[in-house]
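Engineer: Need coordinates for the following:
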Amino acid sequence: MDGLFSEGKIGTLKLRNRMIRAASHEGLADEKGNPTEKQFQFYKRFVEGGIGLVITGYAGIMQSGKSALYHMTMIHSDDMIAAHKRMVDKIHDLGGKIVLQIAHCGRQTWSKETGEPPLLAPSAIACGFYKEKPRALTDPEIYEIIENFGLAARRAKDAGYDGVQIHGAHGYLLSTFLSRHANRRKDKWGGSKENRFRIVGETLHAVKKAVGQDYPVLIKLNSYERARRGVKPDECVEFAKMVEETGCCDAIEISCGTNEGGFVMARGDFPTKAILEYMRPYCEMNPLFKFFTRMSVAPVVRLFQPKFTEGYNLDTAARVKKAVSLPVIALGGMRTKQFMEDAVREEKTDFVSMARPLLLEPDLANKFKNGESEAARCDNCNKCVVAVDTAPIACRKDEFN
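Structural biologist: Below is the predicted model:
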């Protein structure tokens, strides 16, 4: 395979290189969830910085699936198409390509944020981080969610996005159906791998039906979850094969982790000070509890955080690539030019994606291509990861030093 800066293709979508900006919650929408000028300016830096494709932070398909994080983008109504189109048109004017990630947050939120209690999930099992007990979805409700994924995808196409990515990872609704940890159902939506995959397969079909066979549809899957009965690499490979068998997907991105699993998703530092400053409920604690947490709890938690290694999902991505003919996107700890080059040339993945490094260096792709840099400057401090709970996305590398 050609290298990092060869052209790539996802379905009908042609990309100038193999570097992708991965979805990450941005908190740059307005109070109704419409994209804003600030959101365009945020994406603009990546396009001008040479990235091949921008995947947006997740956009909510329904009010019941709205994130608890700061100012989530939404795509749950036709009224929002115009605002999305204004932003997408400006990205296209720059020559950029942009895909909208669509999601339902399921039990990884709070009903005070959705305004529609109770939370919805495959089974009535609370997320270990958000704690609020959800209600198990009924059959009609599951089909309504599937339909709304299709409606959201149609709106994305009407707004001019170059494709959509279905969020089937990170502990959000679709991924909780895949996980035996969160899905304890005994009906056609639970139990066997085929049953747990059913909602994902039907969602892919609904989305393709809504947008047409030639419109690019991507999906993000978990390679690993920390829970004992969570998704592991072997299951990820099986689910990827099931995705391909639907005939309704054009690329698979491989990630990992859930909110209740700690920093499996991001790895790197455990940013105690930033957590106590920005992340609910910790930022709302009184100073005495904050001090106790910082001195006693955080050091213990830090001991159990997984260590950062470059490309920590690449091994599973490589297994998926051997198992399917769809393009594969590897996400997680991509930091050095040579590592990414080797991953693509050795056909372990078709594309590499990243989020944290581009906050500090939105022009990283150009730097790599022009020989101005061999490694991202991101030190995986993870302050950016926790701050989006109550503030817009930004590199916060120099805070709390």
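
Engineer: alpha carbons only for contacts and neighbour counts from here, please
Structural biologist: Fine.

Engineer: Who are the contact partners of Pro35?
Structural biologist: 28-29, 73, 83-84, 87 (Cα atoms under 8 Å, 6 or more residues apart in numbering).

Engineer: What of Arg302?
Structural biologist: Contacts for Arg302 were tallied using Cα under 8 Å, 6+ apart; they are Phe270.

Engineer: Just to be sure, it is in a helix?
Structural biologist: Yes: when DSSP: H, G, I helix; E, B strand; the rest coil is applied, Arg302 is found to be in a helix.

Engineer: All further residue positions should be reported with the first residue as 857.
Structural biologist: From this message on, residue numbering opens at 857, which makes the last subject Arg1158.

Engineer: coming back round to it: which ones among the contacts of Pro891 map onto strands?
Structural biologist: Thr929 (DSSP state E).

Engineer: between the contacts of Pro891, which is closest to Ser1229?
Structural biologist: Relative to Ser1229, the closest of the contacts of Pro891 is Leu884; by Cα to Cα it sits at 29.2 Å.

Engineer: The closest one: neighbouring residues, count only.
Structural biologist: 24 (other Cα atoms under 10 Å).

Engineer: correct me, but it touches Tyr899?
Structural biologist: No: at 10.8 Å, Leu884 and Tyr899 do not qualify as touching, with contact defined as Cα atoms under 8 Å.

Engineer: The residue nearest to Gly984 when sequence neighbours are not counted: what secondary structure?
Structural biologist: Closest residue in space to Gly984, ignoring its immediate chain neighbours: Glu1116 at 4.9 Å, by Cα to Cα, 6 or more residues apart in numbering. Classification of Glu1116 using three-state DSSP returns helix.

Engineer: confidence score at Glu1116?
Structural biologist: pLDDT, Glu1116: 93.

Engineer: contacting residues for it?
Structural biologist: 983-986.

Engineer: can we see that at 7 Å?
Structural biologist: Contact analysis of Glu1116 by Cα atoms under 7 Å, 6 or more residues apart in numbering lists 983-985.

Engineer: As TSV, those with pLDDT, secondary structure and neighbour count would be great.
Structural biologist: Listed next are the contacts of Glu1116 as TSV, based on pLDDT from 0 to 100; DSSP: H, G, I helix; E, B strand; the rest coil; neighbours: other Cα atoms under 10 Å:
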residue	pLDDT	secondary structure	neighbour count
Cys983	97	coil	22
Gly984	95	coil	15
Phe985	94	coil	15
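
Engineer: got JSON lines for these, with distance to Cys1240 too?
Structural biologist: Shown next, in JSON lines, are the contacts of Glu1116 (distance: Cα to Cα, whole Å):
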{"residue": "Cys983", "distance to Cys1240": "22"}
{"residue": "Gly984", "distance to Cys1240": "22"}
{"residue": "Phe985", "distance to Cys1240": "18"}
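
Engineer: For Lys1193, state which of those is nearest.
Structural biologist: Nearest member of the contacts of Glu1116 to Lys1193, counting by Cα to Cα, is Phe985, at 35.1 Å.

Engineer: What is the neighbour count of Leu950?
Structural biologist: 11.

Engineer: oh sorry, the question was meant for Glu972
Structural biologist: Quick note: Glu972 (other Cα under 10 Å) scores 14 neighbours.

Engineer: mind listing the helices in the stretch 907-1056 of the chain by residue range?
Structural biologist: Secondary structure of the stretch 907-1056 of the chain (DSSP state H, counting those that start in this stretch): helices located at 937-949, 967-970, 995-1015, 1029-1034, 1049-1067.

Engineer: what's in contact with stretch 906-923?
Structural biologist: In contact with stretch 906-923 (Cα under 7 Å, 6+ apart) are residues 871-882, 928-932, 953-962, 965, 970, 972, 1004-1005, 1008, 1219, 1221-1222.

Engineer: end-to-end on it?
Structural biologist: 30 Å (Cα to Cα, to the nearest Å).

Engineer: any idea how far Leu1170 is from Gly859?
Structural biologist: Look at Leu1170 and Gly859: by Cα to Cα, they are 16 Å apart.

Engineer: Would you mind telling me which of those two has more residues around it?
Structural biologist: Using other Cα under 10 Å, the more surrounded residue of Leu1170 and Gly859 is Leu1170, with 23 against 19.

Engineer: what's the neighbour count on the closest residue to the more buried one other than its chain neighbours?
Structural biologist: Residue nearest to Leu1170 in three dimensions, not counting chain neighbours: Ala1186, with 5.8 Å by Cα to Cα, 6+ apart. Residues contacting Ala1186 under the criterion other Cα under 10 Å number 32.

Engineer: For PyMOL, write the selection for the buried entries among the contacts of stretch 906-923.
Structural biologist: Isolation of the buried members of the contacts of stretch 906-923 (16 or more other Cα atoms under 10 Å) is achieved in PyMOL through the command below:
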select buried, resi 871+872+873+874+875+876+877+878+879+880+881+882+928+929+930+931+932+953+954+955+956+957+958+959+960+961+962+965+970+1004+1005+1008+1219+1221+1222
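
Engineer: can you tell me which residues contact Glu1100?
Structural biologist: Glu1100 neighbours (Cα under 7 Å, 6+ apart): 1180, 1182.

Engineer: on that earlier part again, could you redo the helices of the stretch 907-1056 of the chain as JSON lines and give each row distance to Glu1230 and mean pLDDT?
Structural biologist: Below are these laid out as JSON lines (distance: least, Cα to Cα, whole Å; pLDDT from 0 to 100):
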{"stretch": "helix 937-949", "distance to Glu1230": "27", "mean pLDDT": "98"}
{"stretch": "helix 967-970", "distance to Glu1230": "42", "mean pLDDT": "95"}
{"stretch": "helix 995-1015", "distance to Glu1230": "36", "mean pLDDT": "98"}
{"stretch": "helix 1029-1034", "distance to Glu1230": "35", "mean pLDDT": "98"}
{"stretch": "helix 1049-1067", "distance to Glu1230": "38", "mean pLDDT": "98"}
